[in-house]
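Chemist: dropping a prediction and its sequence here:
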Amino acid sequence: GQQLNQSPQSMFIQEGEDVSMNCTSSSIFNTWLWYKQDPGEGPVLLIALYKAGELTSNGRLTAQFGITRKDSFLNISASIPSDVGIYFCAGQDFGNEKLTFGTGTRLTIIP
Amino acid sequence: SQTIHQWPATLVQPVGSPLSLECTVEGTSNPNLYWYRQAAGRGLQLLFYSVGIGQISSEVPQNLSASRPQDRQFILSSKKLLLSDSGFYLCAWSRRPLDTQYFGPGTRLTVL
């Protein structure tokens, strides 16, 4: 089955720093999604990507759909305390109702 | 706008007891519905999905079952809970099979 490797597993940064995380897949996806999950809550969709090479922004967040269709990147600029949480990538291939989720990147901001 | 509800928010149950978790969606019709489980510090594992009333697909063999008695209602059940059933259960919906999934607030289940 498909596997998504998400890295890094955790990040400890200072407020104001930029953040980068990525997901790689063993096979091709047609849609890449990035979610953020706060403790004790359900994941919230941040950005959806539907085309290879697509670069999409949502405020301070920018995500890219890799040209090979096997990877995606999420960048957060000028991090703030509310960025703390777990970020998940998810991939979906054509004709499949199911999402494959990455293992998550836990972001912690050091005071 | 669409909203998704899950009930209860938290649940503590003894081993061997039954389970019923409910998920309801408002503001849309004929959604695709999904049940996920998330173990502590882990990613999301798809348990069941449904494309319509009475239509359930199971992803992993387990102690759980799902039902969809109404268009916007999805229920996760068990006849006898195991310790390994503990976790955070998330319901999600999408407009169509290939559309983006939106998640509910989750139910935290602890089996003692």
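Modeler: Sure thing, it's come through. Keep in mind that this is a model prediction, so the values were computed, not measured.
Chemist: all contacts plus neighbour counts: C-alpha atoms, from now on.
Modeler: Fine.
Chemist: quick check: closest non-adjacent residue to the most centrally placed residue in chain B.
Modeler: In chain B, the C-alpha nearest the mean C-alpha coordinate belongs to residue B:35, at 3.2 Å (C-alpha atoms, centre = their mean). Leaving aside its chain neighbours, residue B:35 sits nearest to residue B:91 (4.7 Å; criterion: C-alpha to C-alpha, 6 or more residues apart in numbering or on different chains).
Chemist: flag every residue of chain A that's near chain B.
Modeler: Within chain A, the positions near chain B by C-alpha under 8 Å from any C-alpha of the partner chain are A:33, A:40-45, A:48, A:88, A:92, A:94-98, A:101-104.
Chemist: taking these, please make a ChimeraX selection of just the buried ones.
Modeler: The ChimeraX command for the buried members of the residues of chain A next to chain B (criterion: 16 or more other C-alpha atoms under 10 Å in any protein chain shown) is given here:
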select /A:33,41,42,43,44,45,48,88,92,97,98,101,102,103,104
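Chemist: where strands are concerned, which of the residues of chain A next to chain B count?
Modeler: A:33, A:44, A:45, A:48, A:88, A:92, A:101 (DSSP state E).
Chemist: gap between the nearest residue to residue A:88 once chain neighbours are set aside and residue A:87?
Modeler: Leaving out its chain neighbours, the residue that sits closest to residue A:88 by C-alpha to C-alpha, 6+ apart is residue A:104, at 4.5 Å. Taking C-alpha to C-alpha, to the nearest Å as the measure, residue A:104 and residue A:87 are separated by 5 Å.
Chemist: and residue B:42, by the same measure?
Modeler: The gap separating residue B:42 from residue A:87 is 11 Å, by C-alpha to C-alpha.
Chemist: same check, this time on residue B:51
Modeler: For residue B:51, the distance to residue A:87 (C-alpha to C-alpha) stands at 27 Å.
Chemist: which one's more surrounded, the two?
Modeler: Neighbours per residue, other C-alpha atoms under 10 Å in any protein chain shown: of residue B:51 and residue A:87, the larger number sits with residue A:87, 27 against 21.
Chemist: and the residue nearest to residue B:79 when sequence neighbours are not counted, how close does it get to chain A?
Modeler: In this structure, residue B:79 finds its nearest non-sequential neighbour in residue B:18, 4.5 Å apart by C-alpha to C-alpha, 6+ apart. Distance from residue B:18 to chain A, counting by C-alpha to the nearest C-alpha, to the nearest Å: 23 Å.
Chemist: ok, residue B:18 - how many residues close by?
Modeler: For residue B:18, the neighbour count with other C-alpha under 10 Å is 13.
Chemist: could you do the one 10 residues further on as well?
Modeler: Residue crowding around residue B:28 was assessed by other C-alpha under 10 Å; the count is 14.
Chemist: in space, what's closest to it - neighbours in sequence excluded?
Modeler: Computed as C-alpha to C-alpha, 6+ apart, the closest residue to residue B:28 that is not its neighbour in sequence is residue B:2, at 6.3 Å.
Chemist: what about that neighbour, distance to residue B:25?
Modeler: From residue B:2 to residue B:25 the distance is 7 Å (C-alpha to C-alpha).
Chemist: and if you look at residue B:53?
Modeler: As judged by C-alpha to C-alpha, residue B:53 and residue B:25 stand 13 Å apart.
Chemist: neighbour count winner among these two?
Modeler: Comparing residue B:53 with residue B:25 by other C-alpha under 10 Å, the one with more neighbours is residue B:25, at 22 against 17.
Chemist: so the more buried one sits against residue B:1, correct?
Modeler: No: Residue B:25 is beyond contact range of residue B:1, at 10.6 Å (criterion: C-alpha atoms under 8 Å).
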